[in-house]
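Novice: This is a predicted model, with the sequence first.
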Amino acid sequence: MLNTPLVNKRVLLLNQNYEPLTVCSARRAIVLLFSGKAEMLETADGLKIRTVDNSYSLPSVVRLWQYRKVPFKKILLSRKNIIMRDNNTCQYCGSARGPMTVDHVIPKTMNGQDSWTNLVCACTRCNNKKGDRSPEKVGMKLIRKPSRPSYITFIYHHYDVTSQWKPYLFLDASCGEYLTT
């Protein structure tokens, strides 16, 4: 039953209070379902796991029956995660073409830190133009102020988010934007 490629599909795992916990394999989700530790909220569109006797819908979103206290999930500050946070788009000119670099908004020579709020994705041209100066000195403006991404943002950019996941990640299903209240 569990040796098919379908069990490697990704499933959104929610805590008992519907808070997104993590993304796990369908194999892990099926084990949670059959052991009575979780319930299936959404199924993968028409996909089934077949046994000799039965056929079961493949889960897409599962929720734990009991609340699990989990520590705050911190996203590692890395070049890859900075570029992913900025959607592979230069934060100075808006270009998404060509290789991207990571730029210190306040250069290290001016006591700029390696932090989520000081690092941005930049195209090679803009990074070279800015050089070792502040954006204001070169007449450049940031398109968006850099900030630490949330774990939900990370899931959205790191995984292929299905339409079934979006309501549980607080995303508008029509456009993939975050719902604001």
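Specialist: Cool, the structure landed.
Novice: From here on, just use CA atoms for contacts and neighbour counts.
Specialist: Fine.
Novice: hang on, Thr117 packs against Pro146?
Specialist: Yes - Thr117 lies in contact with Pro146 (Cα atoms under 8 Å); the separation is 4.8 Å.
Novice: who's more crowded, these two?
Specialist: Neighbour count, other Cα atoms under 10 Å: between Thr117 and Pro146, Pro146 has more, with 19 against 14.
Novice: residues contacting the more buried one?
Specialist: 116-120 (Cα atoms under 8 Å, 6 or more residues apart in numbering).
Novice: what about the closest residue to Arg85 other than its chain neighbours, neighbour count?
Specialist: The shortest distance from Arg85 to any non-neighbouring residue, by Cα to Cα, 6 or more residues apart in numbering, is to Pro149 (6.8 Å). Neighbour count of Pro149, defined by other Cα under 10 Å: 17.
Novice: Could you do Gln91 as well?
Specialist: So Gln91, with other Cα under 10 Å, has 24 neighbours.
Novice: Over to the one 3 residues further on?
Specialist: Other residues lying near Gly94 total 15 when counted by other Cα under 10 Å.
Novice: swap in Leu119?
Specialist: Neighbour count of Leu119, defined by other Cα under 10 Å: 24.
Novice: Give the bridge partners for it, please.
Specialist: Beta-bridge pairing for Leu119 (DSSP bridges): His104.
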